[in-house]
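Sequence and predicted structure below; questions after.
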Amino acid sequence: MALATQLMKENIPVMATTTREEKAAELNQAGINSRVLQLPQVPSLLREHDIFSCRQLVICITPQLKKGRVDYPEKIAQLVAVAEKNDVEKIILLSTSSVYNGLEGEVFEQTELDISANKVAIVAQAEQSVLNFNGLSAVIRLSGLIGPARHPGRFLAGKKDLANPDAAVNLIHQTDALGLISCLLKQKQAQGIFNGVANTRVSRQQFYQQAALALALPEPVFNEQDRGITGKVINGDKGRRELSYQYRYDDLVLWMKNSEN
């Protein structure tokens, strides 16, 4: 919804899809040209879908791994296969930084993934389908999303005995997620993998305690015996450099202090 609204403000024609008739009706009522699309789909029916009249596709399908779904790669592969048979010029996949699960230290787009974990392997397989597209393709590995209606102060407020107080914080504000997508749509030749993450370098404990304070909520309490684990630190410099993108909310602590909550 946020992406479609922003693109329409820039006079960019948009077609959106959703899995439910009532949601499509809601989007159409809001002025967003929408269709129903359910995946996986019979290939012959999928080829007839209106969405493939678009020159660029932004795929933002949730893998639903926590619900036990394992058909995410099949869904993405179907979209790519049909896009190749039409005049689609570019595919942008909104992926997730959870593809780096199991890794420690600073990670980059070219860092080798630990696909021994089934969830990582599923996401990586879907990404590869897009990267193998015979047109232009890009993958944005988005970190945890915050912003309107997703203030981090509510995530852990009042919780006790939380693990990993020294862990790194890997998050991105919705405004910057949209900014990266917009850059890739407008810079049509730009392709490859890009990490989407704010350059906020504070510990998990510092960040979430300040986030709770910003909303006047009870501070989360961390286990002081669980020190020393920093986990993975996602590097987002490639997007800044190759797309010439400047984050609006690179310091998320400052955003929390200044935002009207």
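On my side now, so go ahead.

which strands and helices sit next to the helix or strand of the chain with the lowest mean pLDDT?
The helix or strand with the lowest mean pLDDT-type score in the chain, counting by mean pLDDT, DSSP states H and E, is helix 43-46 (a mean of 88). Packed against helix 43-46, as judged by 3 or more CB pairs under 8 Å, 6 or more residues apart in numbering; DSSP states H and E, are the following elements: helix 72-85. Any C-beta I mention is one placed from the backbone N, CA and C, and that applies to glycine too.

Sketch out the low-pLDDT regions of the stretch 151-261 of the chain for me.
Across the stretch 151-261 of the chain, residues meeting the criterion (pLDDT under 70) sit at 260-261.

So which residues of the stretch 151-261 of the chain form helices?
Under the criterion DSSP state H, counting those that start in this stretch, helices of the stretch 151-261 of the chain are mapped to 174-186, 204-214, 237-242, 252-258.

need the contact list for the residue nearest the centre of the chain.
With distances taken as CA atoms, centre = their mean, the chain has Leu142 as the residue nearest its mean C-alpha position (3.5 Å). In this structure, Leu142 makes contact with 94-97, 172, 177, 196-197, judged by CB atoms under 8 Å, 6 or more residues apart in numbering.

residues in contact with Gln191?
Listed by CB under 8 Å, 6+ apart, the contact set of Gln191 reads 90, 136-138, 184.

which strands and helices sit next to whatever helix or strand comes next after the least confident helix or strand of the chain?
The first helix or strand that comes after helix 43-46 along the chain, using DSSP states H and E, is strand 56-59. Contacts of strand 56-59 with other secondary structure elements, assessed using 3+ CB pairs under 8 Å, 6+ apart, are made with helix 72-85, strand 90-96, helix 174-186.

at 10 Å what do you get?
Contacts of strand 56-59 with other secondary structure elements, assessed using 3 or more CB pairs under 10 Å, 6 or more residues apart in numbering; DSSP states H and E, are made with helix 2-9, strand 16-18, helix 72-85, strand 90-96, helix 118-131, strand 136-142, helix 174-186.
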